[in-house]
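Peer 1: Any chance you could fold what I've pasted below:
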Amino acid sequence: VQLVESGGGLVQPGGSLRLSCAASGFTFSNYAMNWYRQAPGKERELVARISSGGSSTNYAESVKGRFTISRDNAKNTVYLQMTSLKPEDTAMYYCNLRSGVLGDYWGQGTQVTVSS
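Peer 2: Okay, the predicted model is just below:
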C-alpha cells in the first residue's frame, strides 16, 4: 500500500486549496478513505471520510460547509477541496486507509499553511 499526498502550500485566509492523494497497492474502489490533519502541539484529528463508492461522506464539525472530500476510483485518487481557509486550518494533512483486512496506512503528509 502506498499513499502519496500533494497539493499543500501557503494560502491566504479565505483562500482555497485542493489536496490529492494517489493510492496504489490495493483495490482502491473497495475501501473507504480518510483525510486527517495534525497541527503543531495538537493531536491528529479526522477531517473527512468518504465511502468506497463515494456516496457517503462525513466531516469534522470544524470544516463542514468549507471542505469537500471526493474520489475518482478510475484514477485511484482521493481529494480534499478546501475553501474559506482559516489560520486554524494550518496543519499537516494526511491521507489514511484504515481497514480491518489491510491494516492502517498513512501517507507522508502535505503541509497546509494559512497565513497573510
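Peer 1: following the helix-or-strand element of the chain with minimal mean pLDDT, which helix or strand shows up next?
Peer 2: Using mean pLDDT, DSSP states H and E, the weakest-scoring helix or strand in the chain turns out to be strand 103-106, at a mean of 94. Using DSSP states H and E, the helix or strand that follows strand 103-106 in sequence is strand 110-114.
Peer 1: which SS class is the residue nearest the centre of the chain?
Peer 2: Nearest to the geometric centre of the chain sits residue 35, at 3.0 Å (Cα atoms, centre = their mean). Under DSSP: H, G, I helix; E, B strand; the rest coil, residue 35 falls in the strand class.
Peer 1: on that earlier part again, tell me the strands beside the least confident helix or strand of the chain, with direction?
Peer 2: Strand 103-106 pairs in its sheet with strand 91-99 (antiparallel), by DSSP bridges.
Peer 1: can you tell me the average pLDDT over the strand it pairs with?
Peer 2: In this model, strand 91-99 has an average pLDDT of 97.
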